[in-house]
Structures are given as structure tokens and as C-alpha cells.
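Peer 1: Below: sequence and its predicted model.
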There are 2 protein chains.
Amino acid sequence: MSERMIATIDVVLLTIQQQQLSVALARREHEPFTGLDALPGGYIHAETDRDSLDAALRILRRKTGVNPPYLEQLRTFDGCARDPRGWSISIAYFALVNAELLLQAGHPGLSICPVDALRRLPFDHNDIVQAAVERIRNKSQYSSLPCHLAGERFTLPKLQKIYEACLGETLNKVSFRRKMDELGVLEEIAGQTEANGAHRPAQVYRLKAEFANALKLLQRGL
Amino acid sequence: MSERMIATIDVVLLTIQQQQLSVALARREHEPFTGLDALPGGYIHAETDRDSLDAALRILRRKTGVNPPYLEQLRTFDGCARDPRGWSISIAYFALVNAELLLQAGHPGLSICPVDALRRLPFDHNDIVQAAVERIRNKSQYSSLPCHLAGERFTLPKLQKIYEACLGETLNKVSFRRKMDELGVLEEIAGQTEANGAHRPAQVYRLKAEFANALKLLQRGL
DNA sequence: CAAATAGTGTCTTTGAGACATTATTAA
DNA sequence: TTAATAATGTCTCAAAGACACTATTTG
């Protein structure tokens, strides 16, 4: 029946490594392109996955070992030209995780590559990564999205570096702090500071519990 | 083979009727839900559609008779619960068209319903419409998107009403005109005005040719 | 001329960025 | 004390909204 299609999931798992926005790649174990690095992906299992979000979580867990604090659908890539096996549908997802968590999982076959230094990937995976980068650039301008890259505890200077890596530009310190204050998603961990050299230590913050799995938006961007 | 799925397209075709953001519905000709109004949709044809965008255009032409000036992917709705036939994938698209063009096509079985007065639709089509409304609300704040609802020629007061219908709020006239000027997508039709009562007639504008099929974005919203 | 909406000038307020100052630490 | 970064106060400039005024039409 021609209406039945190959349906897969691909996940763009982004993280910050050495102040660079980077993407997790998994060595492919199956044909086609066996042995090459590509986005973590796999088939939807209609018997066990309730929906594609479920499938994306399962695939991420299996291929990267992490349960990301942020996961949303990116968009669907499809057509007759993107897969040598023929007409295919890939529902692409977009996930964020702290780099330490990802390295801690230490999954075999996994690598992390800065998005600006990405080589040619199989299928249309370069297009998918590009769409994810556009999405994070866009949302970083007016939301708390990059906070999910920061891990459990972080200082404002570190968070600003993360925002800057996401946006690909430096930010005004005063404006950045005003915006974080306006967003209202952070809370001070009273009394806890982080020393980082011969100078005043920085206050440590965390995401308020109610925003751990939600985004907060600004009326006006950064 | 369990990885082969039912794959369909659904299109949210939006228009403005009586200053209200409205959605085109088509009477269903096939099971399930035969005879009920639902989003125009159909199967992807792997033999003839190069990709899902192609399929969306074909389906729109067949079910509504129009070739919309704006069409983009919305997102994919999927899972075991949304279709009585079982696990399914619907790649949803989002289209804009001028109401006159749509009525001119006069396609049988087609109706137009304000999104705020929408009754219960089959499948998860209410969710899909809601996602489309969120998308247009969002993009109307900082882009030329609503211009594609305005038809060939229009005055600035009419365009402002269209933006207001999209956003669901009234706008400041001076700010709106400054933003339209800043966008730079409009051109005056020299000498052409439109009278509309016992008062000064309004200048007629059109979209510049280079923006007929493109969006222009603002740094800051309206 | 009166009434109505189109279109524009300008003032006020808000908010973003620049710059400067204070705070706190290690050497 | 010095050097370095954290944190904050404040000034300047740009842009959004409010308001008022002019323009042009019909009755």
C-alpha cells in the first residue's frame, strides 16, 4: 500500500562544549551509512511508542544515555530524495542537555561536534542540524531556553556565556541581567558562591522548580 | 512491517472574514467521519508527490481550489490515539489566503468558520487549528506574514484591521505605520485611492513583487 | 460647514546599551 | 596593595505609545 511510509525519528541533541554550541552524533550501527557519524535516530515502534515524542525519548536514551531536560519537535523532513531506501519521513526533534551530563553517560559511539565545524553528514542531517540551530538562535532571543544547557547550578556570568554561544554574539552585561531578572525563572541559592580566580566570586543560581520543564518568554528580546 | 505507517497531510487554511480570523473546512467524503467538516487533508502519494509540501499543494488545490500565496509546515501530529484506524502520522501545514480568492474558487463542500467559534472537529483537528493560530499570532508580531491575507491591493487601515484580527488586539496607528514602513515590503500604487464613506480616501498599496512569496522579519515586534 | 476617517508631527515614557563605580577575592 | 572579575548605579539614545493636528472626502 503506497500510503504506508518508512517513518523515523532523528534527534538534534545540542549542548555547550568549550563555549561552543555543539551537536551529539552517534556512530551508525546499521545500513545505510554504517559506521558513519549521524544524528541519533531510529524507527518509530508503533507497538510500544504512544507517539513520536515517546519514540524520541526512547531513542535518545538508547543512543546517548540521557534524559534531556528539554525536548520539542523541530519539524518533519520527508520526500523521495533524502534516503537511499526511498520515500521517507523523519520527524526531527530538538533537545538540550548539559555537557557534563552527556559526558557522564559516556555512551559508546557518541561524539560531540561544534555546529560550526560540522562535516558532511549522511541523509539530510546537515539540514536538520541547521534547522535546530536556527530554532535555538531564535528562541534564545526571547526565552529561558538556554537555561536548560546550564546544568543544575550556575552563575550569571556562565549563563551569559551560554546565551552568547547560542546566539553567536556577545551581549551587554547590564541588559542581560535585567532580562534574566524580568524573566523571573532563576533563584539565588542563598549564601552559595563560586570562586573562579583572584577576584570576587559569583553568586550561584538555579532554575525555579516550576520552570524546570517549561519555557518562559519575554515580550521583547535581549 | 511495523515501521511503515499511515501518513497523511492536513492543512490549516486561514483567512479573514468579517474581520475575524477563520479556517477553511472541507466536508469529508470518506471514512472515517464521512460527512463531517474537518481540515482539508489526504494521503501522501509516494509515486507522484516529491515531498510533503508538494502533497500539501496538491491536496489544497483539490479540496479548496486555491493556490495559497503562503504555505509552510506547521508540525507533525502523530500517535496511536488520534485516528480510529490506528497509529498515524499527519504532517500539518499552515496556509494563508485572501477570503475573496477562496470564495471565488467556490469549491463544493467547503465552509469557512471563525477560529473563535469552532465546534468539535474530528481527529485532533482542534489541536492542529490551535497550533496554527498560535503560529500566526506569534509571527504577526514581528513579520509581514498577515500581508498574505490582504489580497492584491489594500489600504493601510484595512491591513491594520487584518493584523489586529490575527493578533486579537488593537494596535497603535502611528506605531503600526512606522513598522510597516520599517518592514519595507509595501509599495504605494501611485495616485490610486479607495473611498469608503464621507471622509478622506485611503492610499492603496500592494506587496512589492520580491516579497510576494517571502517573509520579512522585524528586529523588534509591533 | 459638520462629521468622519486618513495621514502626520511631536511629546512623553520606556527600555536597551554604554560607561563608571563599588564589591570581593587571591596573590 | 594590585589585579581581576562580579555586581550595580546611572546616563544617553532609540523606539513605542499617546495625543493632537492637518487633509480630504460626503452630505
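Peer 2: Yep, that arrived. In this text, all values refer to a predicted model and were calculated from it rather than measured experimentally.

Peer 1: Let me know the pLDDT of the nearest residue to A:R220 once chain neighbours are set aside.
Peer 2: Excluding the flanking residues, the one nearest A:R220 by C-beta to C-beta, 6 or more residues apart in numbering or on different chains is B:R220, at 6.3 Å. (Each C-beta comes from the backbone N, C-alpha and C, glycine too.) In this model, B:R220 is scored at 78, pLDDT.

Peer 1: for A:G106, same thing?
Peer 2: pLDDT, read off for A:G106, is 85.

Peer 1: same check, this time on A:S2
Peer 2: Predicted confidence (pLDDT) for A:S2: 51.

Peer 1: Return the residues of chain A in contact with DNA strand C.
Peer 2: A:171-175, A:178-179, A:193, A:195, A:197-201, A:220, A:222 (C-beta under 7 Å from any atom of the strand).

Peer 1: Buried ones only from the residues you listed, please, as a ChimeraX command.
Peer 2: The buried residues among the residues of chain A next to DNA strand C can be selected in ChimeraX (16 or more other C-beta atoms under 10 Å in any protein chain shown) with this line:
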select /A:179,222
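
Peer 1: I'd like to know which of the residues of chain A next to DNA strand C is nearest to A:R85.
Peer 2: A:L222 (43.1 Å; C-beta to C-beta).

Peer 1: Does the residue nearest to A:R220 belong to a helix, a strand or coil?
Peer 2: coil (DSSP: H, G, I helix; E, B strand; the rest coil).

Peer 1: Was I right to think it contacts A:Q219?
Peer 2: No. Judged on C-beta atoms under 8 Å, B:R220 makes no contact with A:Q219 at a distance of 10.0 Å.

Peer 1: on that earlier part again, would you point out the most distant pair within the residues of chain A next to DNA strand C?
Peer 2: Farthest pair in the residues of chain A next to DNA strand C, by C-beta to C-beta: A:A198 and A:R220, 37.3 Å.

Peer 1: picking up where we left off before, narrow the residues of chain A next to DNA strand C to those in strands?
Peer 2: A:T193 (DSSP state E).

Peer 1: Just list what the helix or strand containing A:D127 packs against, helices and strands only.
Peer 2: Taking DSSP states H and E as the criterion, A:D127 maps to helix A:125-140. With contacts taken as 3 or more C-beta pairs under 8 Å, 6 or more residues apart in numbering or on different chains; DSSP states H and E, helix A:125-140 sits against strand A:4-17, strand A:20-27, strand A:70-79, strand A:88-96, helix A:156-167.

Peer 1: was I right about A:I189 contacting A:E152?
Peer 2: No. Shown here, A:I189 and A:E152 do not form a contact pair, counting by C-beta under 8 Å, at 10.0 Å.

Peer 1: intersection of neighbour lists for the two?
Peer 2: Shared contacts of A:I189 and A:E152, defined by C-beta atoms under 8 Å, 6 or more residues apart in numbering or on different chains, comprise A:R206.

Peer 1: tell me which parts of chain A are close to chain B?
Peer 2: Residues of chain A lying close to chain B (C-beta under 8 Å from any C-beta of the partner chain) are A:2-8, A:43-47, A:50-52, A:54, A:73, A:75-76, A:78-81, A:86-87, A:89, A:91, A:219-221.

Peer 1: Now, of these, which are buried?
Peer 2: A:5-8, A:43-44, A:46, A:51-52, A:54, A:73, A:75-76, A:78-79, A:87, A:89, A:91, A:221.

Peer 1: what does the domain assignment say about chain A?
Peer 2: Chain A breaks down by automatic domain parsing into domains covering A:6-139, A:148-211.

Peer 1: ranking those domains by burial, who's on top?
Peer 2: Of the domains of chain A, the one with the most neighbours on average (mean count of other C-beta atoms under 10 Å in any protein chain shown) is domain A:6-139, at a mean of 18.

Peer 1: Is there any residue in it that contacts DNA strand D?
Peer 2: No. Contact of domain A:6-139 with DNA strand D (C-beta under 7 Å from any atom of the strand) is absent, the minimum separation being 13.2 Å.

Peer 1: Low-confidence regions, chain A specifically.
Peer 2: A:1-3 (pLDDT under 70).

Peer 1: For the closest residue to A:T15 other than its chain neighbours, give me phi and psi.
Peer 2: Once flanking residues are discounted, A:T15 sits nearest to A:A99: 4.5 Å by C-beta to C-beta, 6+ apart. Here is the backbone geometry of A:A99 (degrees, to the nearest 10): phi -60, psi -40.
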